[in-house]
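# Whatever this is, show me its structure:
(chains A, B, C and D)
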2 protein chains.
Amino acid sequence: MAVTTERAPREPAGKGAETRAAILERAVDLASVEGLEGLTIGRLATQLGMSKSGLFAHFGSKRELQLATVGAAAQRFWVAVIEPALSAEEGLPRLRALAHSSLAYLDNGTFSGGCFWAATSAEYDDRPGPVRDAISAGLDTWLGELARQAKIAGSAEPDRFAFELYAIASGANSRFRLSGERAVFGYARAAIDRLLGELPR
Amino acid sequence: MAVTTERAPREPAGKGAETRAAILERAVDLASVEGLEGLTIGRLATQLGMSKSGLFAHFGSKRELQLATVGAAAQRFWVAVIEPALSAEEGLPRLRALAHSSLAYLDNGTFSGGCFWAATSAEYDDRPGPVRDAISAGLDTWLGELARQAKIAGSAEPDRFAFELYAIASGANSRFRLSGERAVFGYARAAIDRLLGELPR
DNA sequence: CCTACCGATCGGTAGG
DNA sequence: CCTACCGATCGGTAGG
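Residues are numbered from 1 along each chain as shown, chains lettered A, B, ... in the order given. Just a heads-up that it's a prediction; the model follows:
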């Protein structure tokens, strides 16, 4: 019973699914530059060499396109940041690996327009609705994982710890994006090392 | 000679200047919610009960409206954050006052849509041009002042220090804006106190 | 500061 | 997946 309640994917497989995946890859990059509002169907279609209505048919509404784009960005974040850290033992080693890979992901241009999550969360924090909820859930997952690892590592205040790690990384992203100075990543690494040094050993 | 090179204000004084000031107050709030792209002339005019073209005439282009809005936001930041801290002695006391007033300004809704600077810097970091330059200059001034006070307070790395203060405050803003949890301001205050405690006394 | 208008682009639809 | 089209809204202009 439970299985049958799963929503069937709009695109089962084959060419349609490939096209959809290609659209979403572009959509994530475009949204990281222009935002999820600036992600217009016409511009996206032009970049992909297809018609507006052809692209539109894959999603049915702009909102569905935006939600699918948030999902694709979550996948990319997982591959770039979470997965590489999974080989490290839970607790302090995992935390160190996550902090490293998240800074690397900001530095090396995983998203062409800087961090998708930083851009879209600032854009949507005042726009209630399912798109905002999806972005918020993605960030909550990230902070929750940081807090979980901090707790395993023995932190007495895992939520505060997660907040500080998050703040340092997102601060480095926004400063780097505006000033272009890579020095901020050095500052961020120093701050993270000091923070990790607070944990019991 | 030097005085005459100053650019004459577009609106000298009187009723025109008052209208312009009222427009910009609204524009700052609207932009803190919708962004500086979402700040459309039509919507702003409707909110103020005036015609699009009447409002438009005050600025001549959307870009000029955006630049004037950034200037008005800088004024509001100055009044809310910098000015209240000026009574504190330079160095550690000033730094403590600035950190306090900046967190208070995020918590008490100085801008109706959360921090104008956080919202617009994320929006414009990939949009080269004078608007981006104005936002960037405003943030550079803020970080520069933090670094200047950190240096006076005896920090060996004032730029790193300023970065960390900035990151904590901006992280608190973005987490509060998305999650609504005031606990982040407590985390931020703890982090700032720890940071200020690093300074020589 | 207004009415009346412009070309371009938006999300979305009809019909194939 | 396409062409052809829709009503609404965008920034901006003409003329007063």
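
# For residue A:200, see how far away residue A:175 is.
Relative to residue A:200, residue A:175 is positioned 31 Å away (Cβ to Cβ, to the nearest Å). For the C-beta atoms, the positions are set from N, CA and C on the backbone; glycine is no exception.

# Compare those two (neighbour count), which wins?
Between residue A:175 and residue A:200, residue A:175 has the larger neighbour count (other Cβ atoms under 10 Å in any protein chain shown), namely 26 against 8.

# Can you name every helix or strand that the helix or strand where the more buried one lies contacts?
Residue A:175 belongs to helix A:158-179 when assigned by DSSP states H and E. Contacts defined by 3 or more Cβ pairs under 8 Å, 6 or more residues apart in numbering or on different chains; DSSP states H and E place helix A:158-179 against helix A:92-107, helix A:116-124, helix A:130-152, helix A:183-197, helix B:116-124, helix B:130-152, helix B:158-179, helix B:183-197.

# The lowest-mean-pLDDT helix or strand in chain A: which residues count as buried?
Within chain A, no helix or strand scores below helix A:15-38, which has a mean of 94 by mean pLDDT, DSSP states H and E. Across helix A:15-38, burial judged by 16 or more other Cβ atoms under 10 Å in any protein chain shown covers A:19-20, A:23-24, A:26-38.

# for the helices and strands packed on helix A:158-179, which one sits closest to DNA strand C?
helix A:130-152 (12.1 Å; Cβ to the nearest atom of the strand).

# so for the closest one, what's the average pLDDT?
For helix A:130-152, mean pLDDT is 98.

# same deal with stretch A:113-122?
On average, the pLDDT along stretch A:113-122 is 95.

# That stretch and DNA strand C, are they touching?
No. Using Cβ under 7 Å from any atom of the strand, stretch A:113-122 stays clear of DNA strand C, coming no nearer than 14.8 Å.

# Provide the contact partners of that stretch at residue level.
Under the contact criterion Cβ atoms under 8 Å, 6 or more residues apart in numbering or on different chains, stretch A:113-122 has outside partners A:28-36, A:70, A:73, A:76-77, A:105-106, A:135-136, A:138-139, A:142, A:170, A:173-174, A:176-177, B:118-119, B:122-123, B:125-126, B:174, B:177-178.

# Buried among the residues you listed? Need that as a selection in PyMOL.
Entered in PyMOL, the line below selects the buried ones among these, by 16+ other Cβ under 10 Å:
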select buried, (chain A and resi 28+29+30+31+32+33+34+35+36+70+73+76+77+105+106+135+136+138+139+142+170+173+174+176+177) or (chain B and resi 118+119+122+123+125+126+174+177+178)
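
# what sits against residue A:140?
Residue A:140 touches residue B:179, counting by Cβ under 8 Å, 6+ apart.

# do residue A:73 as well
A:28, A:31, A:32, A:111, A:116, A:117, A:120, A:138.

# Now it: phi and psi?
phi -70, psi -40 (degrees, to the nearest 10).

# Enumerate the residues of chain A near DNA strand C.
So chain A meets DNA strand C at A:39, A:40, A:41, A:42, A:43, A:52, A:53, A:56, A:60, A:61, A:62, A:63 (Cβ under 7 Å from any atom of the strand).

# Please work out which residue of chain A is closest to DNA strand D.
Closest point on chain A to DNA strand D, by Cβ to the nearest atom of the strand, is residue A:54, at 2.1 Å.

# you'd agree that residue is up against residue A:46?
No. The pair residue A:54 / residue A:46 is not scored as a contact, 11.7 Å apart, by Cβ atoms under 8 Å.

# So which bits of chain A are right by DNA strand D?
Going by Cβ under 7 Å from any atom of the strand, the residues of chain A near DNA strand D are A:15, A:16, A:19, A:45, A:50, A:51, A:52, A:53, A:54, A:55, A:57, A:58.

# does the closest residue to the third one other than its chain neighbours belong to a helix or a strand, and which?
Using Cβ to Cβ, 6 or more residues apart in numbering or on different chains and skipping residues adjacent in sequence, the residue nearest residue A:19 is residue A:58, 6.9 Å away. Counting by DSSP H and E, residue A:58 is held by no secondary-structure element, helix or strand.

# burial of residue A:58, as a residue count?
For residue A:58, using other Cβ under 10 Å, the count is 18.

# per-residue confidence for it?
97.

# how much space between it and residue A:41?
Using Cβ to Cβ, we find residue A:58 at a distance of 10 Å from residue A:41.

# Quick check: closest non-adjacent residue to residue A:141.
residue A:74 (7.9 Å).
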